[in-house]
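**Student:** following is a predicted model, sequence given first.
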Amino acid sequence: MEKKRDFISKKEPLVSRENRKTVGYPNVENPRMTCRNVNVYYGDKQAINDVTLDIGRNEVIAMIGPSGCGKSTFLRCLNRMNDTIDFCSVVGNISLDGKNIYDKDVDVVPLRAQVGMVFQKPNPFPKSIYENVAYGPKIHGFVQNRTETDEIVETSLKKAGLWEEVKDRLNQPGTSLSGGQQQRLCIARTIAVGPEVILMDEPCSALDPIATARIEDLIDELRENFSIAIVTHSMQQASRVSQRTAYFHLGDLIEVGSTDQVFLNPLHQLTEDYVTGRFG
Amino acid sequence: MSETNIDIVNKGLGKRYRAEKRFRIYGVCAIAASLIFLAFLFISISSTGYTAFQQTFIRLSVYFDPEILGDTTNREGLASANFPAIVKQSLFKMFPEVQSRGEKKQLASLISSGASYYIRDMLIENPDFVGETIQVWLPADDDVDMLIKGHSDRGLVEAERRLNDRQIDWIQQLEKDGSIEKRFNKIFFTVGDSREPELAGIWGAASGSFFTMVITLLLSFPIGVAAAIYLEEFAKKNRWTDIIEVNINNLAAVPSIVFGLLGLAVFLNFFGMPRSAPLVGGLVMTLMTLPVIIIASRASLKSVPPSIREAALGVGASQMQMVFHHVLPLALPGMLTGAIIGMARALGETAPLLMIGMVAFIVDVPSGFTDPATALPVQIYLWADSPEKGFLEKTSAAIMVLLTFLIAMNALAVILRKKFEKRW
Ligand SMILES: Nc1ncnc2c1ncn2[C@@H]1O[C@H](COP(=O)(O)OP(=O)(O)OP(=O)(O)O)[C@@H](O)[C@H]1O
Ligand SMILES: [Mg+2]
């Protein structure tokens, strides 16, 4: 792998290296996840370039950047979802509570229970609403009987703000819900497993403004118990829901800082171009 | 430029619609042509085959003469009892004027040579018939059957007929008494093959096919599905899986006779399995059906949307749980359809069965996987090859039975597909 990195770095990018170093505050005190010098390759193509970033406790960190800059790729490294792509390789150190998740002895199954994921397109299982939520706790053995399952389904759906709408039709298929409801169902499904970190890849891109507002409120509430990393194309959304914002550009992490600072007072020229709408 | 965009669109519109109309006409013609061919096939087969579902029977008053039968209370007595004599005696009693030996022989040949077995079976069921006279309908000889059904021409000169004038006189006399009639042909549906058309049935071949298909289904579906799941979901995509994929695709195109030769060499000669057995037939059919099932199963696994897999992995399902809880239920209808189509193909396959001896003349209905048996398509081939006129209609009837099975299987495929198909 080292060889490959040499090979890549010999090719000079358009903007000089000096210019692409991360500026701002990638580190936080007492982080939940730490990423150090993360590089991701799709075959020979490098998609993420030496990214160092912390994800704090009880914070929402937004990841923004132009299309194709590697936000999804980076997010998917955090719960090793990239393992499913045969030719994708990750180099570097990503730790959850001090333990490197790419160590050989780490099992992805419990890892994904700790780091849950909500996808861009709502993807409920083609099963009942109840089963959608109960599935995770069932396979992990969190619940022993029907009453425990009922309980976890109800609390998860309540946390996701969906309970009132579906409590009378838990046996209907999850796919029969509206897009926004489906996305909240997916969030409930993720919460039900009791993760520490929730990754969200453009969770509102398929939703109307009202459904989006509901999910944003939900994210704000969830912050009490979880760390959340959210990818979004909407800068308004990033500024509404997040405490910190990270700006990616062509595989580089350009700037990290408090959301207010990144949007109002960007340190880097590229960030400024993007948030002011001159790029992207 | 006075021409606006909408003018250009309107100008081209006629051409576009004409192209569509032409295509629709081609489509309708194609459908009509295939329907005509199908209708032709069905009509020609059923018009020759439907008569086989009826059979000519002759009514006799059978006297169970204790003198001829002897002691029938034990098995040896039954085995040595002269049942043909009983049948003949009853027949001669109906035509007392027949005296000469030659004429008696001609008269006796109107009744099927298998009639005596029916008498025997009756007696075994009702041992107290001894000494009584019972009215029985017994199958007529196939020549009589053909004459009654109108397949033989009564107007031909005597030398060219299978039945001579005297015999036709007797038949006419029987017709006048109402002692000869066509009845539902139970024999055809309940017994195995025979050299006599009137005694030949499809049941032996159908059971042979059934046992063969059971073996094929039990082996090829689980093995094929497991192979497909492994290749598609678990195996790393590398040169080896590519080679395997190419080989599986090749196997699907190998002519079936080759599988028959393989079965002969491996299962019969090497492993010493019994000849003509549905077990071996099923194994050979499994080899033949496996590639079809693997290919269909892989295609239906591939068509499961990746979002479902990600959803399952995202909540921490293991690879195995993802496949069995989420992917497999969605892929199952496609797999079942593939399996049934593969099975239907195997049901209609003859060539490999010829190689492993399932073409032998077998009278007994097989009762297990290792009994000698034939299969439906082989039976069709055997009957089509027989010189007796009576087998002509049997052949068509057997084809009808086979087609019925095929239609039923394909309908099942459609029903299963509808039942398990879920939208996501
Ligand atoms: N499965 C893959 N195979 C090969 N290359 C990939 C794959 N997924 C992503 N890439 C490449 O990696 C780079 C980053 O992609 P990524 O999906 O992470 O972008 P993104 O920032 O999420 O973009 P968007 O905002 O449009 O979702 C892109 O250049 C893309 O072409
Ligand atoms: Mg993306």
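**Tutor:** Here it is on my side, so go on. Ligands and ions are numbered 1, 2, ... in the order given.
**Student:** which residues in chain A form strands?
**Tutor:** Applying DSSP state E to chain A gives strands spanning A:23-24, A:33-42, A:45-55, A:60-64, A:88-96, A:99-100, A:115-118, A:197-201, A:227-231, A:244-249, A:252-258.
**Student:** up against chain B, what does chain A have?
**Tutor:** Proximity of chain A to chain B is confined to A:79, A:81, A:84, A:86, A:109-113, A:116-119, A:121, A:123-126, A:135-136, A:139-140, A:175, A:186, A:189-190, A:192-193 under the rule C-beta under 8 Å from any C-beta of the partner chain. The C-beta positions use only the backbone N, C-alpha and C, and glycine is treated the same way.
**Student:** of those, buried ones?
**Tutor:** By neighbour count, with 16 or more other C-beta atoms under 10 Å in any protein chain shown, the residues of chain A next to chain B hold A:79, A:81, A:111-113, A:116-119, A:121, A:123-126, A:135-136, A:139-140, A:175, A:186, A:189-190, A:192-193 as buried.
**Student:** which of these fall within helices?
**Tutor:** A:L111, A:R112, A:A113, A:Y135, A:G136, A:I139, A:H140, A:C186, A:R189, A:T190, A:A192 (DSSP state H).
**Student:** and the furthest pair within the residues you listed?
**Tutor:** Pairwise distances across these (C-beta to C-beta) peak at 19.0 Å, for the pair A:L111 and A:C186.
**Student:** now A:T212: closest residue in space, sequence neighbours ignored.
**Tutor:** A:C204 (4.2 Å; C-beta to C-beta, 6 or more residues apart in numbering or on different chains).
**Student:** same check on A:S258?
**Tutor:** Residue nearest to A:S258 in three dimensions, not counting chain neighbours: A:R244, with 5.8 Å by C-beta to C-beta, 6+ apart.
**Student:** what sits against that neighbour?
**Tutor:** Counting by C-beta atoms under 8 Å, 6 or more residues apart in numbering or on different chains, A:R244 makes contact with A:V28, A:G56, A:E59, A:V60, A:I61, A:A62, A:V256, A:G257, A:S258, A:T259.
**Student:** show the pLDDT at the fourth one.
**Tutor:** Residue-level confidence at A:V60 comes out at 94, pLDDT.
**Student:** hey, what's it bridged with?
**Tutor:** In this entry, A:V60 is beta-bridged to A:I228, by DSSP bridges.
**Student:** count of neighbours near it?
**Tutor:** With neighbours defined by other C-beta atoms under 10 Å in any protein chain shown, the count for A:V60 comes to 26.
**Student:** ranges for the helices of the stretch 101-250 of chain B?
**Tutor:** Using DSSP state H, counting those that start in this stretch, the helices of the stretch 101-250 of chain B run over B:101-108, B:115-125, B:142-148, B:165-177, B:186-190, B:203-229, B:239-253.
**Student:** for these, which one ends up most surrounded?
**Tutor:** Ranked by mean neighbour count, the helices of the stretch 101-250 of chain B are led by helix B:142-148 with a mean of 23 (mean count of other C-beta atoms under 10 Å in any protein chain shown).
**Student:** so how far is A:H140 from A:A113?
**Tutor:** Computed as C-beta to C-beta, to the nearest Å, the A:A113 to A:H140 distance reads 6 Å.
**Student:** go on, B:V365?
**Tutor:** Using C-beta to C-beta, we find B:V365 at a distance of 55 Å from A:H140.
**Student:** do B:R16 as well
**Tutor:** Shown here: B:R16 relative to A:H140, a distance of 58 Å by C-beta to C-beta.
**Student:** quick one: low-confidence residue ranges for the chain.
**Tutor:** Using chain A. Where chain A drops to pLDDT under 70, the residues are A:1-19, A:279-280.
**Student:** actually chain B
**Tutor:** Residue ranges of chain B with pLDDT under 70: B:1-2, B:422-424.
**Student:** quick one: B:V401 and B:A206 touch, right?
**Tutor:** Yes. With contacts counted by C-beta atoms under 8 Å, B:V401 reaches B:A206, the gap being 6.9 Å.
**Student:** what touches both of those two?
**Tutor:** Between them, B:V401 and B:A206 share the contacting residues B:L376, judged by C-beta under 8 Å, 6+ apart.
**Student:** could you dump the helices of the stretch 101-250 of chain B into JSON lines and include distance to B:T289?
**Tutor:** Listed next are the helices of the stretch 101-250 of chain B as JSON lines, based on distance: least, C-beta to C-beta, whole Å:
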{"stretch": "helix B:101-108", "distance to B:T289": "50"}
{"stretch": "helix B:115-125", "distance to B:T289": "39"}
{"stretch": "helix B:142-148", "distance to B:T289": "38"}
{"stretch": "helix B:165-177", "distance to B:T289": "50"}
{"stretch": "helix B:186-190", "distance to B:T289": "27"}
{"stretch": "helix B:203-229", "distance to B:T289": "4"}
{"stretch": "helix B:239-253", "distance to B:T289": "10"}
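**Student:** to B:W383, which of the ones you listed lies closest?
**Tutor:** When the helices of the stretch 101-250 of chain B are compared by C-beta to C-beta, helix B:203-229 sits nearest B:W383, at 9.5 Å.
**Student:** that closest one close to chain A?
**Tutor:** No. Helix B:203-229 lies apart from chain A when judged by C-beta under 8 Å from any C-beta; the minimum separation is 15.9 Å.
**Student:** and that helix, what other elements does it pack with?
**Tutor:** Packing contacts for helix B:203-229, counted by 3 or more C-beta pairs under 8 Å, 6 or more residues apart in numbering or on different chains; DSSP states H and E, involve helix B:278-302, helix B:328-347, helix B:376-384, helix B:390-420.
**Student:** the next helix or strand after the first one: how far from the chain's middle?
**Tutor:** On the C-terminal side of helix B:278-302, the nearest following helix or strand under DSSP states H and E is helix B:306-314. Averaging C-alpha positions (C-alpha atoms, centre = their mean, to the nearest Å) puts helix B:306-314 45 Å from its chain's average.
**Student:** find residues that contact each of A:A113 and A:H140.
**Tutor:** A:V193, B:G316.
**Student:** if I pick the residue nearest in space to the middle of chain A, what's in contact with it?
**Tutor:** The residue lying closest to the centre of chain A (C-alpha atoms, centre = their mean) is A:L199, at 2.5 Å. Counting by C-beta under 8 Å, 6+ apart, A:L199 makes contact with A:L75, A:R76, A:L78, A:N79, A:V115, A:G116, A:M117, A:V118, A:I228, A:A229, A:I230.
**Student:** pick out the most distant pair among the residues you listed.
**Tutor:** A:R76 and A:I228 (15.4 Å).
**Student:** having no further points to raise, I will conclude here.
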